[in-house]
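**Student:** For reference, the sequence and a predicted model appear below.
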Amino acid sequence: MTALIEADHLTRILPATVPVTLVRDVSLTVGEQEFIAITGPSGSGKSSLLYLLGLLDRPTSGILRVAGRDTSSLNDHALAHLRLDMLGFVFQFHFLLPEFSVLENVKLPMRKAGHLSSGEMRTRAAGLLEELGLAGHLDKRPDQLSGGQRQRVAVARALANDPHVVLADEPTGSLDSKSSEQVFQILRDLVRKRGKTVIAVTHDMDIAARVDRRIHLVDGAVVSDERVAPASV
Ligand SMILES: Nc1ncnc2c1ncn2[C@@H]1O[C@H](COP(=O)(O)OP(=O)(O)OP(=O)(O)O)[C@@H](O)[C@H]1O
């Protein structure tokens, strides 16, 4: 298994009068084409761990390697580039820019990465949106779409730079059951059909039951890391 992300005794402590341990001594390896759920009670550190794995936060101690690179030695600029090249994010709330069109929102991470021409960005963004069933909505603004459609735009944006790993924080948390199922199927297809790795923080037991690996946290620590046979649905 090629390791995409390797966490070695990661701990994240929030400095305060009484320091808060968000993530406690977590070691794990994430490989290619894995479909992973991070589960655990509210406040168990799921989002905090996702942010560390996604290079949105730095550990207090421990080593995090992404694509074999020790991230502790990287400055913020290098970290941002590694993030743009390797990782895509989907959050519970879509965080699309309201004043930009759907197409522009998906082009934004491509602009930041700076690898493509304007025409290439447009073609790629439109292609992703079409694949996600949003062909007729390219020029709309996010507030003209339903919640499920907005979340699909957020998935397209996460895929903008063709990342190896998509990290999702409660991706279905604000959706009705039909839209949740659609987003689940899209995430599953990213793994099955596009060979991506997906790591999703979720409270949704229906989703957690259908992934290939479940990492369960309690009080910031991994209490179980269970691989299951890939589900057919
Ligand atoms: N900036 C902060 N300041 C103080 N406490 C924080 C901060 N960020 C997180 N925490 C606390 O750290 C713990 C872990 O938070 P985190 O959001 O990672 O948990 P979670 O498992 O994702 O929770 P939830 O399921 O409710 O979203 C919680 O007790 C939270 O209240």
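**Tutor:** The structure has been received and is ready for your questions.

**Student:** Residues of this protein that sit close to the ligand?
**Tutor:** 14, 20, 22, 40, 42-48 (C-beta under 6 Å from any ligand atom). In this view, the C-beta of every residue, glycine as well, is placed from N, C-alpha and C.

**Student:** Tell me who's in contact with the residue nearest the centre of the chain.
**Tutor:** Central residue of the chain (C-alpha atoms, centre = their mean): L167, 1.3 Å from the mean position. Neighbour list for L167: 50, 53-54, 87-90, 198-200 [criterion: C-beta atoms under 8 Å, 6 or more residues apart in numbering].

**Student:** which ones among those residues are found in helices?
**Tutor:** 50, 53 (DSSP state H).

**Student:** Out of the contacts of L167, which one has the weakest pLDDT?
**Tutor:** pLDDT across the contacts of L167 is lowest for V90, at 92.

**Student:** so what's that one bridging to?
**Tutor:** A168 (DSSP bridges).

**Student:** What residues of stretch 92-110 count as buried?
**Tutor:** 92, 94, 96, 101-110 (16 or more other C-beta atoms under 10 Å).

**Student:** With adjacent residues omitted, what lies nearest to D212?
**Tutor:** Leaving aside its sequence neighbours, D212 sits nearest to F35 (C-beta to C-beta, 6 or more residues apart in numbering; 4.4 Å).

**Student:** Identify the residues contacting the one you found.
**Tutor:** By C-beta under 8 Å, 6+ apart, F35 lies in contact with 187-188, 191, 197-198, 211-213, 230.

**Student:** how about 6 Å then?
**Tutor:** With contact taken as C-beta atoms under 6 Å, 6 or more residues apart in numbering, F35 is in contact with 191, 198, 211-212.

**Student:** do T29 as well
**Tutor:** Per C-beta under 6 Å, 6+ apart, neighbours of T29: 3, 6.

**Student:** same thing but 8 Å
**Tutor:** Here T29 is in contact with 1, 3, 5-7 (criterion: C-beta under 8 Å, 6+ apart).

**Student:** Extract the C-alpha trace of the one helix or strand I5 maps to and format it as PDB.
**Tutor:** Using DSSP states H and E, I5 sits within strand 3-14. C-alpha atoms of strand 3-14 as PDB (Å, rounded to 0.1, in the frame of the first residue of the first chain):
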ATOM      1  CA  ALA A   3       1.100   5.700   2.100                       C
ATOM      2  CA  LEU A   4      -0.500   9.000   1.300                       C
ATOM      3  CA  ILE A   5      -0.700  10.200   4.900                       C
ATOM      4  CA  GLU A   6       1.200   8.900   7.800                       C
ATOM      5  CA  ALA A   7       0.500  10.100  11.300                       C
ATOM      6  CA  ASP A   8       3.100   9.200  13.900                       C
ATOM      7  CA  HIS A   9       2.000   9.900  17.500                       C
ATOM      8  CA  LEU A  10       0.200  13.100  16.600                       C
ATOM      9  CA  THR A  11      -1.000  15.200  19.500                       C
ATOM     10  CA  ARG A  12      -2.700  18.600  19.300                       C
ATOM     11  CA  ILE A  13      -2.900  20.600  22.500                       C
ATOM     12  CA  LEU A  14      -4.700  23.900  22.600                       C
END
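
**Student:** Partner strands of whichever helix or strand comes after that strand and their direction?
**Tutor:** Per DSSP H and E, the first helix or strand lying C-terminal to strand 3-14 is strand 20-31. Counting by DSSP bridges, the strands paired with strand 20-31 are strand 3-14 (antiparallel).

**Student:** now what about the strand it pairs with, what contacts it?
**Tutor:** For strand 3-14, the surrounding residues in contact (C-beta under 8 Å, 6+ apart) are 19-32, 48-49, 52-53, 57, 59-68, 86, 164-165, 197, 220.
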